[in-house]
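Engineer: 3D, please:
(2 chains)
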Amino acid sequence: MAIVIDVLSDERALVLACQAGQDAALASFYGRFFAPVYRYILASVGRREDAEDLAAEVFVKALRGIGGFRFQDESKPVTAWLFRIARNEVADHYRRARRRIAPISLDAQQSEPGGRYDPLETTDSVMDLARALRTLPGAQRDAIVLRLAAGLSTRQTAEAMGKPEGTVRSLLHHGIKAVRAAMEQSP
Amino acid sequence: MTTNEQPPRSRAAEAFRALNAGSELAKHRVWRRVEQGLAEERRRARRRLGWASGIVAGVAVAAAITMPAILGAARTWYEPSQQEEQRVAVSAVLEMLGQQYGAAGSASNVDSDQMDQFAQYLVTSTEAKTGAN
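Structural biologist: All right, here's what the predicted structure looks like:
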């Protein structure tokens, strides 16, 4: 408990320093959250170049908007806010990809197993993972990507998703089975 | 971490581990872009501030140029009606005094020179109070 309180107060101090406009604090914020955000995005989109583009967008938006972040209560920490930005960026990425490719991909969609269109080309294990994750229901995918790719704790995952921890555990249990099955089936 | 939350094994586990590969290099590359993005955002904010300051300054200059003319016009519009009121007031006093003077007639023991002086005094003091010339 003491560790949790330390982490939260540390996080609060970091955010307050960022809000005060301290450049060093912005760099610390980035250093602290880059790895989980990047892994979250990479697992979601599969391509490293796309993941870097989106990570840059996420951090520019986050550091630009951090002045408006308010600590409402301890169940809505800055990680939840940051991953909401990341999640929106990933969703926008897929929307853009569909709009860009959809007019010329009717044949591709029809030839896709199950009729689903996936803009990712799977050439390595990360792309296979991203593709497998796209077949999962949204909540299962979010739980797996936040917990296993970003490396958040179950509690942080629950906070970021706005769901009880028990629900997150259940989503993880079923989601992991589904991902494993999907990846073993793929060539 | 409970058994339910263990990362998937085999291909899936390998994929989760591969997420870390190259992330340090990516961190440096992305930070440069974040810095550029923030710098661009600051430039945009300064430009917006410049525009806002320019608009405020423009409004202030326009007000400084037009306000004297507006005030002058307002004064011209307002003053004649005030003068009209003053003229009416003085003429009313004179008329009233004339009536009283006539009513008193020769039977009155009031000296006509004194009445004229009193009327003159009333006119002068009324004009002084109202600022009329």
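Engineer: which residues touch the residue minimising distance to the centre of chain A?
Structural biologist: Centroid check for chain A by CA atoms, centre = their mean gives residue A:40 as the closest residue, at 3.8 Å. By CB atoms under 8 Å, 6 or more residues apart in numbering or on different chains, the contact set of residue A:40 is A:83, A:86, A:145-146, A:149-150. Every C-beta, even on glycine, is put in place using the N, C-alpha and C of the backbone.
Engineer: residue B:128 is in what secondary structure piece?
Structural biologist: For residue B:128, the enclosing helix or strand under DSSP states H and E is helix B:112-130.
Engineer: now do the buried residues in that helix.
Structural biologist: Of all the residues in helix B:112-130, those buried under the rule 16 or more other CB atoms under 10 Å in any protein chain shown are B:115, B:119, B:123, B:126.
Engineer: is there contact, residue-wise, from stretch A:13-26 to chain B?
Structural biologist: Yes - Stretch A:13-26 is in contact with chain B by CB under 8 Å from any CB of the partner chain, via residue A:26.
Engineer: inside helices: which ones of the contacts of residue A:40?
Structural biologist: A:83, A:86 (DSSP state H).
Engineer: which one of the contacts of residue A:40 sits closest to residue A:26?
Structural biologist: Distance to residue A:26 across the contacts of residue A:40 (CB to CB) is lowest for residue A:86, with 17.2 Å.
Engineer: show me the contacts for the closest one.
Structural biologist: Applying CB under 8 Å, 6+ apart, the residues near residue A:86 are A:37, A:40-41, A:54, A:58.
Engineer: least trustworthy helix or strand in chain A by mean pLDDT?
Structural biologist: Least confident helix or strand, chain A: helix A:106-111 with a mean of 40, by mean pLDDT, DSSP states H and E.
Engineer: which intervals of the chain have sub-threshold pLDDT?
Structural biologist: Reading this off chain A. A:1-9, A:73-76, A:101-123, A:186-187 (pLDDT under 70).
Engineer: was after chain B, sorry
Structural biologist: B:1-9, B:78-91, B:93, B:97, B:100-112, B:130-133.
Engineer: which helix of it spans the most residues?
Structural biologist: Chain B, longest helix under DSSP H: helix B:23-104.
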